[in-house]
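A.B. asks: heads up, no residue letters with this:
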């Protein structure tokens, strides 16, 4: 698979709109739920809505500060935005894996290590608030990313430090990952209500 290029403004507009929609969904559908509703698991091996959000908060707890640091460094080095953003084949593969559309190498490399698995079984509603704050931070980082050549900024993976993804690929993967787990959280709530 060859690298793909897209218009920079369209790329960041699309990601920004996706994050805004996630923010609205979490606020409207998950925030009103009680701690009991958030913590009910649809099955023994399945996560509750709160656990899905805690997983996203743990992943965001690593990636968001790393993204911010790499963006500041790129800005300090004088990086200027380009007209087009580039995505590599590996980044597109990870994004597809984060969406749940791929298996194999990507699934193995992105497997949830214990450090990113939810720690609690009785989480409070603050997990929803923390997720909302992380989405707000991601929106700020998307604004910062527009100011640099985001396709040339590389960020190491916490799972495999030798693996350095392009910022554009990482942002797209993080948004796809958040969409997947918010959808899983919503399904957990629906499945519990139906049982």
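C.D. replies: Arrived safely, thanks for sending. Here the structure is a predicted model, which is why all the values come from computation and not from measurement. Numbering: from 1, shown residues only.
A.B. asks: does residue 191 really touch residue 42, like I thought?
C.D. replies: Yes - assessed by C-beta atoms under 8 Å, residue 191 is found in contact with residue 42 at 3.7 Å. The way it works is simple: take the backbone N, C-alpha and C, and place the C-beta from them, glycine included.
A.B. asks: which one's more surrounded, the two?
C.D. replies: residue 42 (19 against 15; other C-beta atoms under 10 Å).
A.B. asks: and the pLDDT for the more buried one?
C.D. replies: For residue 42, the model assigns a pLDDT of 86.
A.B. asks: tell me the secondary structure at it.
C.D. replies: When classified by DSSP: H, G, I helix; E, B strand; the rest coil, residue 42 comes out as coil.
A.B. asks: quick one: it and residue 32, what's the gap?
C.D. replies: Distance of residue 42 to residue 32, given as C-beta to C-beta, to the nearest Å: 19 Å.
A.B. asks: how about residue 151?
C.D. replies: Distance from residue 151 to residue 32, by C-beta to C-beta: 39 Å.
A.B. asks: can you count the residues close to residue 72?
C.D. replies: A count of neighbours around residue 72, defined by other C-beta under 10 Å, yields 12.
A.B. asks: checking it next. Helix, strand or coil?
C.D. replies: Taken by three-state DSSP, the conformation at residue 72 corresponds to helix.
A.B. asks: so between residue 151 and residue 32, which is more surrounded?
C.D. replies: residue 151 (23 against 10).
A.B. asks: could you look up the SS state of the more buried one?
C.D. replies: Put simply, residue 151 is coil when judged by three-state DSSP.
A.B. asks: equivalent analysis for residue 50, please.
C.D. replies: Three-state assignment for residue 50 (three-state DSSP): helix.
A.B. asks: same check on residue 155?
C.D. replies: strand.
A.B. asks: which ones are touching it?
C.D. replies: Residue 155 sits next to 63, 66-67, 70, 164-165, 167, 170 when contact means C-beta atoms under 8 Å, 6 or more residues apart in numbering.
A.B. asks: between the residues you listed, which is closest to residue 139?
C.D. replies: Lowest distance from residue 139 to these (C-beta to C-beta) belongs to residue 67, with 12.1 Å.
A.B. asks: spatially nearest residue to that closest one, not counting backbone neighbours?
C.D. replies: residue 141 (5.2 Å; C-beta to C-beta, 6 or more residues apart in numbering).
A.B. asks: now residue 36: how far from residue 17?
C.D. replies: 33 Å.
A.B. asks: would you map the helices across this protein?
C.D. replies: Assigned by DSSP state H, the helices in the chain fall at 8-25, 35-39, 49-76, 89-99, 105-109, 126-145, 167-194.
A.B. asks: residue 82: which of those helices is closest?
C.D. replies: With C-beta to C-beta as the measure, helix 8-25 is the member of the helices of the chain nearest residue 82 (6.2 Å).
A.B. asks: who's in contact with the closest one?
C.D. replies: 81-85, 132, 135-136, 138-139, 142, 145-146, 150, 168, 171-172, 175, 178-179, 182, 186.
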